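In: sequence and computational prediction follow.
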Amino acid sequence: DNIYAMKRSLAIGSDELVKQLQRFDFSDIDNHPSLPLGTVDLSLFELSNIYLTLASEGLKVEPRLIVRVQNEEEVLYEHKQSLTQHFSRDETLMMNQMLRSVFDIKNQSHTLPSMIGYEPQFTMGVKSGTSDFDSLVMGIHPYYVIGVWVGFDDHRPLDKNYYPLSKQLFKTTVDTLYDDDLDTWYVPSQT
């Protein structure tokens with residue numbers, strides 16, 4: 001499945017990919033051939049920031065761990081969010097829909113789509129990835145961005161038996177959040 005990321009990078013040029021990553025305030029990006037495969041060393045929090053922009057229909061939202069602090073009488077702190085339109089809404093809607101393909105058996109080729117058997121109760125868009133050292137799932141929804149990483153901090157090799165663990169944890173987490181009222185997906189533009 002990585003061939004599509006590589007073809008897209010060849011079509012737009014690797015310099016454009018570096019430029020887009022720099023728009024997310026990542027400055028030390030090496031322009032190398034494996035960059036479209038996700039070989040940038042980012043924390044799960046940093047990666048979530050990129051997916052949050054997709055989930056927010058192109059709005060760059062600064063993720064915060066604390067949004068509000070209040071006691072019984074008053075709000076003691078509330079984060080004031082500043083939003084910027086980072087990508088066009090239509091571009092992100094197309095990308096979000098493509099992120100649904102990991103659950104579609106019609107996309108079977110010589111391998112199964114990466115999330116077959118791990119589809120949560122919510123409609124989600126997902127990108128998964130594995131290497132010799134880790135297993136990752138990033139999921140988006142209009143109300144949630146969920147990232148699950150399995151690996152070792154010291155980059156020890158990860159036994160292949162652990163590869164599906166990130167997918168299982170992702171599905172379990174999303175299913176725990178399930179609520180009929182929140183099971184929605186993005187509505188395309190009318191133009």
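Out: Perfect, thanks for sending it.

In: confidence score at the residue of the chain most remote from its centre?
Out: If you look at how far each residue of the chain sits from its centre, by C-alpha atoms, centre = their mean, the farthest one is residue 73, at 37.6 Å. The model reports residue 73 with a pLDDT of 95.

In: you'd agree it is in a helix?
Out: No. With DSSP: H, G, I helix; E, B strand; the rest coil as the criterion, residue 73 is located in coil rather than a helix.

In: now do the phi/psi pair for it.
Out: The phi/psi pair for residue 73 (degrees, to the nearest 10) reads phi -100, psi -30.

In: now do the one 5 residues further on
Out: Geometry field for residue 78 lists phi and psi as phi -140, psi 130, criterion degrees, to the nearest 10.

In: list the contacts of the residue nearest to it when sequence neighbours are not counted.
Out: Computed as C-beta to C-beta, 6 or more residues apart in numbering, the closest residue to residue 78 that is not its neighbour in sequence is residue 68, at 4.6 Å. The way it works is simple: take the backbone N, C-alpha and C, and place the C-beta from them, glycine included. Applying C-beta atoms under 8 Å, 6 or more residues apart in numbering, we find residue 68 in contact with 75, 77-79.

In: pick the one among these closest to residue 32.
Out: residue 79 (36.3 Å; C-beta to C-beta).

In: so that closest one touches residue 64, yeah?
Out: Yes. Judged on C-beta atoms under 8 Å, residue 79 makes contact with residue 64 at a distance of 5.1 Å.
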